[in-house]
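Chemist: attaching a predicted model along with its sequence, questions to come.
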Amino acid sequence: MTSSHDAAAGPGGRTLVLGHRGASAEAPENTLAAFRLAMAQGADGVELDVWRCASGEVVVAHDEDLVRVGGSPLRVPASSLDALRAVDVGAWKGARWRGERIPLLSEVLEALPDAVVNVELKSRGGDLALAKAAADVVWRAGAGGRVVVSSFDWRLVAAFRLASPKVATGLLFDDRRAWRLRTWLGIRSLRPAAVHPDRVLATDARVRAWAARGLGVNVWTVDEPAEAARLARAGATAVITNVPAAIRAALEP
């Protein structure tokens, strides 16, 4: 198993490929099917999103509700695990995927024992209990050395650091919300292992500058092979992509 630094910074300088919500261009996002397909396509790991549902479990889903992926108005944080599991979140992507259900974070970690997993914490209004719950799941799975935890809500990153100081964290940001100042403050105060910039911010100069500070640089969401190759040359730690097969091929020697 890699160390937490390796999970955030990549082995031997090789740029990692992480499936964005799995191989989500082809399979239904944030399902076990999508994660397994990403690994089959040569990904080093996956990126996923988690909420704490009403019955307390850490579940894997991107949106706050299931309208888009399941045609259901259920809100993830307000619904029990049993209610959420009753919704088919695969059929919207095609008959091949019918019957896919929302997985638990623990189930993903068990199903992908060798994968790097970028866990994005999601909440409405700062559910700090999610950070502790996610830390407990990672600890029970013995997966701390291959997990990186990030969030747009840096309160959740801070809470996770308190709950699990040895697991790598990443600062997730885009080009809104005074990102330069916020990122500078976040790096100084939270001391993350990595930064997770939107691809539009990941110029060669910035990637090199972040890497020179000892930070992993995990860039999202990169679906163009030429862009992935550029980022790899600049020293990006990982590219997060909807199309792992294409990006893996672009990064092969």
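Modeler: Good, I have the coordinates.
Chemist: for stretch 141-151, what is the distance to the chain centroid?
Modeler: 10 Å (CA atoms, centre = their mean, to the nearest Å).
Chemist: distance between the ends of it?
Modeler: End-to-end span of stretch 141-151 (CA to CA, to the nearest Å): 21 Å.
Chemist: and for stretch 52-59?
Modeler: 6 Å.
Chemist: residues in contact with that stretch?
Modeler: 50-51, 76-82, 84, 102-106, 123, 127, 129-130, 133-134, 137 (CB atoms under 8 Å, 6 or more residues apart in numbering). From N, CA and C alone the C-beta is placed, and that goes for glycine too.
Chemist: now it: buried residues?
Modeler: 52, 53, 54, 57, 58, 59 (16 or more other CB atoms under 10 Å).
Chemist: and for stretch 102-115?
Modeler: Buried residues in stretch 102-115, counted by 16+ other CB under 10 Å: 102, 103, 104, 105, 106, 107, 108, 109, 112, 115.
Chemist: what are the phi and psi values at the residue nearest to the last one when sequence neighbours are not counted?
Modeler: It refers to residue 115. Nearest non-adjacent residue to residue 115, counting by CB to CB, 6 or more residues apart in numbering: residue 45, 4.1 Å away. Note on residue 45: backbone dihedrals following degrees, to the nearest 10 are phi 180, psi -160.
Chemist: quick one: residue 45 and residue 109 touch, right?
Modeler: No. Look at residue 45 against residue 109 with CB atoms under 8 Å: they stay out of range, at 10.9 Å.
Chemist: overlap in contacts of those two?
Modeler: Taking CB under 8 Å, 6+ apart as the criterion, residue 45 and residue 109 both touch residue 117.
Chemist: re earlier: in PyMOL, select just the buried ones from the contacts of stretch 52-59.
Modeler: Buried subset of the contacts of stretch 52-59, written as a PyMOL selection, criterion 16+ other CB under 10 Å:
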select buried, resi 50+51+76+77+79+81+84+102+103+104+105+106+123+127+130+133+134+137
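Chemist: where do the strands of the stretch 51-200 of the chain begin and end?
Modeler: 58-60, 116-121, 147-151, 168-173, 194-197 (DSSP state E, counting those that start in this stretch).
Chemist: direction included, what does the fourth one pair up with?
Modeler: Strand 168-173 has the following sheet partners, assigned by DSSP bridges: strand 147-151 (parallel), strand 194-197 (parallel).
Chemist: give me the next element, helix or strand, following the shortest one.
Modeler: Once the chain leaves strand 194-197, the next helix or strand it forms, by DSSP states H and E, is helix 204-212.
Chemist: give me the residues contacting the helix or strand that that next one is followed by.
Modeler: Beyond helix 204-212 on the C-terminal side, the first helix or strand identified by DSSP H and E is strand 216-219. Identification of contacts with strand 216-219 by CB under 8 Å, 6+ apart yields 8-10, 16, 18, 118, 148, 168, 170, 193-199, 202, 207, 210-211, 231, 235-240.
Chemist: can you name the residues that contact the spatially closest residue to residue 66 that is not a sequence neighbour?
Modeler: The shortest distance from residue 66 to any non-neighbouring residue, by CB to CB, 6+ apart, is to residue 72 (4.2 Å). Neighbouring residues of residue 72 by CB under 8 Å, 6+ apart: 65, 66, 87.
Chemist: tell me, how many residues neighbour the residue nearest to the first one when sequence neighbours are not counted?
Modeler: Counting by CB to CB, 6+ apart, residue 75 is the residue found nearest to residue 65 once chain neighbours are left out, at 4.9 Å. As a burial measure, the neighbour count of residue 75 was computed by other CB atoms under 10 Å and equals 17.
Chemist: show the pLDDT at residue 75.
Modeler: Confidence at residue 75, expressed as pLDDT, is 98.
Chemist: okay if I get the strands paired with strand 168-173 as a markdown table plus mean pLDDT, distance to residue 244 and mean neighbour count?
Modeler: Below are the strands paired with strand 168-173 laid out as a markdown table (pLDDT from 0 to 100; distance: least, CB to CB, whole Å; neighbours: other CB atoms under 10 Å):
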| stretch | mean pLDDT | distance to residue 244 | mean neighbour count |
| --- | --- | --- | --- |
| strand 147-151 | 98 | 17 | 28 |
| strand 194-197 | 98 | 17 | 26 |
